Structure formats: structure tokens, C-alpha cells
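Student: Provided below are the primary sequence and the corresponding predicted coordinates.
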Amino acid sequence: MKKILPLLAFATLLMWSCEEKELNIPELTVGARRVLVEELTGVKCSNCPDGTRLLTDLQDTYGEENLLVISIHAAPDFSVPYTGPNGNLYDFRTVNGKALADYIGPFEGAPCASVSRFLPPNATSLFVTPASEWPGIIASEFGKDYGLGLFVANTYDSLSRKVDILVNIAPDETITGDTRLTVVITQDSIRDVQNDNDDLIKDYVHRHVLRDVISQPSGNDIAEPLTAGALISKTFSYTIPAAWDANHCNIVAYVHRVNSAERDVLQAAEAHVK
């Protein structure tokens, strides 16, 4: 299913880019469903690397551009950094990351992950464990189509380290009910200490690490109606701390429902900062 957006949409985007700086505008067509995995993890979680490896394998299967992963270091106790001479260089915990994890649901064991915030039958948390259930849920989520296009375009200034973010929401079908937009920044390929099946690995490669939540952790309300053919644009700005490698930073955006019975992620998108 594809639909070219109206010429007015392109004009809007071009005006935005002229005000700031040249912007590479992605092809604005409603494309295939992308599935979001929010993994709850921690450096002291000995079983969590197995979950991460499973997700990496699944990304190889579906494509990293289709299966998006965010690793939230907010697992109780497990996310506290190691100290001492051989301790962690970084503390991946953040206030906003904990708020995001708390919003998704309670921790009920490790490894655990939320797959597009789908609540399986008889489950009490969106964070699903054991990991053996993830592949089936992911496959099922790829079978859903909400008729929603979502696109992220970033403009990065290497001197100020500021990234300007443009998120375009393009419904191909009318979507009813309350929805929100969540925008986060992640960093990939960070080498630091990790407990991996009770072996303390000093140069473990941490993947898809949530660095901060740019929107509200529970998402920003989308006040505009998601009607077929509409284009809704949202802008954000974020200054990347000097200690982070901007070459490995990504912006992830996702639209989700917000009522108590359904918090499904309808569509997600990811784009490199640089």
C-alpha cells in the first residue's frame, strides 16, 4: 500500500528546511509496517545479553530498518553500574528512561521486552518474558497494518552538537482514538562492562542504548485528527552531550495508543543523527 502525499506536504517540508538548513527529505509515501521492541535490560543482568543476541538475529532476518530496538537500562537492581577499578565507564540509567519503563509496565523477569506494546493473552505486563515468546509476537506484529506512515528527518550541527528533528505523521487510513508521539535518542556500539551469563565482559558491545527521551516519556498528545490523507509535522531539538558519539546516535519516533486497554505502537521510524 502506497500513497504519494499532496504537493502541499512537500512545500511545507521545504519551507522548514529553508528556515534551518538544507535537509534531505525522505520519500513521503506510506510504507510497510515497522515493529518496535523496547527491551528492559541492565549491566548486571546475566541473562539479558542472550535476549539482545536474539533481537540482533531477528533484525538480521527482518532488516534493522524494519525491526527497531530500544534498550532501556532500567531493570531494578540489574541496571546499577559496577564500581571499582574494573567497573563501568558509563551509567546508562536516566530519569526519563525509568519513567518510560514505568509507563510501559512492571518488570517481571529477565530478559524481557515489549513488542509494539502488545499485551499477550493472560499477561500482566507489556514486558514479555521469556524471550522465546518474542519471535512469534514479532512475526504477528508484522502482519498488522494500521495504514500509518511515519518519517524522521534529522539536521545535525557538529559545532553546537544540536540535532533538529522533523517527524512527519502521514495516515493512509483514518485512525480513531487518542494517540501520542514518543521520540527518543539511542546510541549504538558502546563498549563497556556487562555481566554475560555470569562472565564479566569488560568490552561488551552495548546495542541500541536509550540515552534520553526527547518527548514526554509517556508521549506527547497528537491533538490533530489522524484522517486519511493528512500530514502532521512535529519538530524537536536536542543537544547531544560531548561524551556521546554522535556517529552512533539515532532518533527513534513512534505513534501509539494511550487508553488503558490498548497501548499498541501503530508505527515507528528511525533515522541516524548524522
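Tutor: Okay, I see it. Numbering: from 1, shown residues only.
Student: C-alpha only now, for contacts and for neighbours.
Tutor: Noted.
Student: Tell me which residue lies farthest from the centre of the chain.
Tutor: Distance from the centre of the chain peaks at Pro85, with 32.8 Å (Cα atoms, centre = their mean).
Student: State the distance from that one to Leu58.
Tutor: 35 Å (Cα to Cα, to the nearest Å).
Student: any chance you could map the strands in the stretch 101-250 of the chain?
Tutor: 112-115, 148-157, 162-171, 179-187, 190-196, 199-206, 209-213, 220-221, 232-239, 249-257 (DSSP state E, counting those that start in this stretch).
Student: Partner strands of the fourth one, with direction?
Tutor: Strand 179-187 has these partner strands in its sheet, going by DSSP bridges: strand 209-213 (antiparallel), strand 220-221 (antiparallel), strand 249-257 (antiparallel).
Student: Taking their axis directions, that strand and strand 232-239 sit at what angle?
Tutor: 30 degrees (axes from the mean of the first three to the mean of the last three Cα atoms, to 10 degrees).
Student: Low-confidence stretches in this structure?
Tutor: 1-31, 260-261 (pLDDT under 70).
Student: Please repeat the previous calculation with a cut-off of 80.
Tutor: 1-31, 260-262 (pLDDT under 80).
Student: all helices of it, in order?
Tutor: 7-20, 48-62, 95-104, 134-142 (DSSP state H).
Student: Between these, which one is closest to Gln194.
Tutor: Gln194 lies closest to helix 48-62 among the helices of the chain, at 8.4 Å (Cα to Cα).
Student: Mind giving me the packing neighbours of the closest one?
Tutor: When contacts are defined as 3 or more Cα pairs under 8 Å, 6 or more residues apart in numbering; DSSP states H and E, helix 48-62 packs onto strand 67-73, strand 190-196.
Student: Restrict that helix to CA atoms and write it as PDB.
Tutor: These are the backbone C-alpha positions of helix 48-62, laid out as PDB (Å, rounded to 0.1, in the frame of the first residue of the first chain):
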ATOM      1  CA  CYS A  48      19.900 -10.100  29.200                       C
ATOM      2  CA  PRO A  49      22.700 -10.500  26.600                       C
ATOM      3  CA  ASP A  50      21.000 -13.600  25.400                       C
ATOM      4  CA  GLY A  51      17.900 -11.600  24.700                       C
ATOM      5  CA  THR A  52      19.900  -8.900  22.900                       C
ATOM      6  CA  ARG A  53      21.600 -11.500  20.700                       C
ATOM      7  CA  LEU A  54      18.100 -12.900  19.800                       C
ATOM      8  CA  LEU A  55      16.900  -9.500  18.800                       C
ATOM      9  CA  THR A  56      20.000  -8.900  16.800                       C
ATOM     10  CA  ASP A  57      19.400 -12.200  14.900                       C
ATOM     11  CA  LEU A  58      15.800 -11.100  14.300                       C
ATOM     12  CA  GLN A  59      17.000  -7.800  13.000                       C
ATOM     13  CA  ASP A  60      19.200  -9.700  10.500                       C
ATOM     14  CA  THR A  61      16.000 -11.600   9.500                       C
ATOM     15  CA  TYR A  62      13.700  -8.700   9.100                       C
END
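Student: tell me which residues of that helix are tucked away?
Tutor: Cys48, Pro49, Gly51, Thr52, Leu54, Leu55, Thr56, Leu58, Gln59, Tyr62 (16 or more other Cα atoms under 10 Å).
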